[in-house]
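> sequence unavailable; structure follows:
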């Protein structure tokens, strides 16, 4: 049965590829941004680029939560772990992202751990709660990041901490909002290496949309006249979304369509949204790597849960920071350059020795380019492997 399914999927993929080729107008170009890093990896892993006409170009977006977090927020976590003697808990991708402080060089949470800081990788926010219960004499801080996908579990953890009277647990909140970032990309669009400024449409994120639904994208599609198709992560999902976007563009439509109907609804997960609204409030602004300060794009812990806010508990401040001068992560996140255009890519910067977060994260565009070898294979064929 497995081989029958694989044959069926392969036949469907070829059928959708032929439909895309027929739909693509040879007299125009199409620039489609896949917002989510999961889609970027699916495109590279399954070689979807090879199935598209030359005039259909996929552009990487800022949909990698590890990648968009500015260095000064990582510095906050490093300082907590090294200077405040807390048990710092976070997801695995965050451990290797370098901070910015010059006196520490390229310090990361992993290097801070090697220096004796108590930093623990967790798979879920509930793991951090368990650690707080097991160590009542230690301050436990959960370094929370992510889009709307990971925000509800953080909110539930805060509700549980309050209900159970945990006085040694707090959250360093860095949750950010997808539709606001999408709007910021369109508002501050700039030329890429070819001088083109146009993004024709978006493949909307899958996991995020299971929480917020398709409704929040509607005003963006209407205001900016950009079609958005929410898609799952299977290769057929991505290809079908590309086909749906081409059909919208060719007929002059700019609507929100939902390819991922098996998981995404119009209104999303209302229970999750209620939990989020109870625990979090909008920040006036939040800084994104690549996008800069974006108004009302981040979440903070609201006043009713203030005792669990690590920023307030430890009186944390956000310092100025400067990215590595040669790192192109910021431009990659804005969709104005490709990872292989960075001078560090594949030489100084690799998954084993990452300089920027786009090479660290499992959802980063640079990691996708490197992991699936497409750029490295082209370099090898030309004899220019770094």
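Here it is on my side, so go on. Predicted, not measured: the structure shown is a model, and the values here were computed from it.
> and the residue nearest to residue 203 when sequence neighbours are not counted, its phi and psi?
Distances taken as CB to CB, 6 or more residues apart in numbering place residue 34 nearest to residue 203, at 4.4 Å, with adjacent residues excluded. Heads up, the C-betas are built off the backbone N, CA and C, glycines and all. Here is the backbone geometry of residue 34 (degrees, to the nearest 10): phi -90, psi 110.
> now do the contacts for residue 34.
By CB atoms under 8 Å, 6 or more residues apart in numbering, the residues touching residue 34 are 40, 43, 58-61, 63, 202-203, 238.
> distance-wise, check residue 188 relative to residue 352.
Using CB to CB, to the nearest Å, residue 188 is found at 34 Å from residue 352.
> between the two, who's got more neighbours?
Taking other CB atoms under 10 Å, residue 188 and residue 352 do not tie; residue 188 has more neighbours (11 against 7).
> follow-up on the earlier one: now, the contacts of residue 34 that are in strands?
58-61, 63, 202-203 (DSSP state E).
> just to revisit the earlier point, list just the nearest of the contacts of residue 34 to residue 312.
In terms of CB to CB, no member of the contacts of residue 34 lies closer to residue 312 than residue 63, at 29.3 Å.
> which residues does that closest one bridge with?
residue 36 (DSSP bridges).
> isn't it right next to residue 37, touching?
Yes. Between residue 63 and residue 37 there is a contact under CB atoms under 8 Å: 5.1 Å.
> now do the shared contacts for those two.
Joint contacts of residue 63 and residue 37 (CB under 8 Å, 6+ apart) are residue 363.
> where does pLDDT dip in the stretch 101-250 of the chain?
101-105, 189-197 (pLDDT under 70).
> which stretches in it count as helices?
Counting by DSSP state H, counting those that start in this stretch, the stretch 101-250 of the chain has these helices, from start to end: 109-114, 125-134, 151-163, 178-187, 207-212, 218-224, 235-250.
> how about these, which one is nearest residue 299?
Ranking the helices of the stretch 101-250 of the chain by proximity to residue 299 (CB to CB) places helix 151-163 first, at 6.7 Å.
> run through who's touching that closest one.
Taking CB under 8 Å, 6+ apart as the rule, helix 151-163 contacts 124-126, 128-129, 132, 142, 144, 146, 166, 169, 171, 173, 175, 211, 269, 272, 275-276, 278-280, 299, 301, 305, 308.
> chain center to that helix, what's the gap?
Mean-position distance between helix 151-163 and its chain equals 22 Å (CA atoms, centre = their mean, to the nearest Å).
> also stretch 259-279?
18 Å.
> now that stretch: buried residues?
In terms of neighbour count (16 or more other CB atoms under 10 Å), stretch 259-279 has its buried residues at 259-260, 264, 268-269, 272-273, 275-276, 279.
> and if you look at stretch 44-51?
Buried-residue list, stretch 44-51, by 16+ other CB under 10 Å: 44, 46, 48, 51.
> contacts for that stretch, please.
Contacts of stretch 44-51 with the rest of the structure, by CB under 8 Å, 6+ apart, involve 13, 17, 20, 42-43, 58, 235, 238-239, 368-369, 371-372, 374.
> for stretch 302-319, same thing?
Counting by CB under 8 Å, 6+ apart, 72-73, 75-76, 79-80, 84, 141, 158, 161-162, 167, 169-173, 278-281, 287, 300-301 sit against stretch 302-319.
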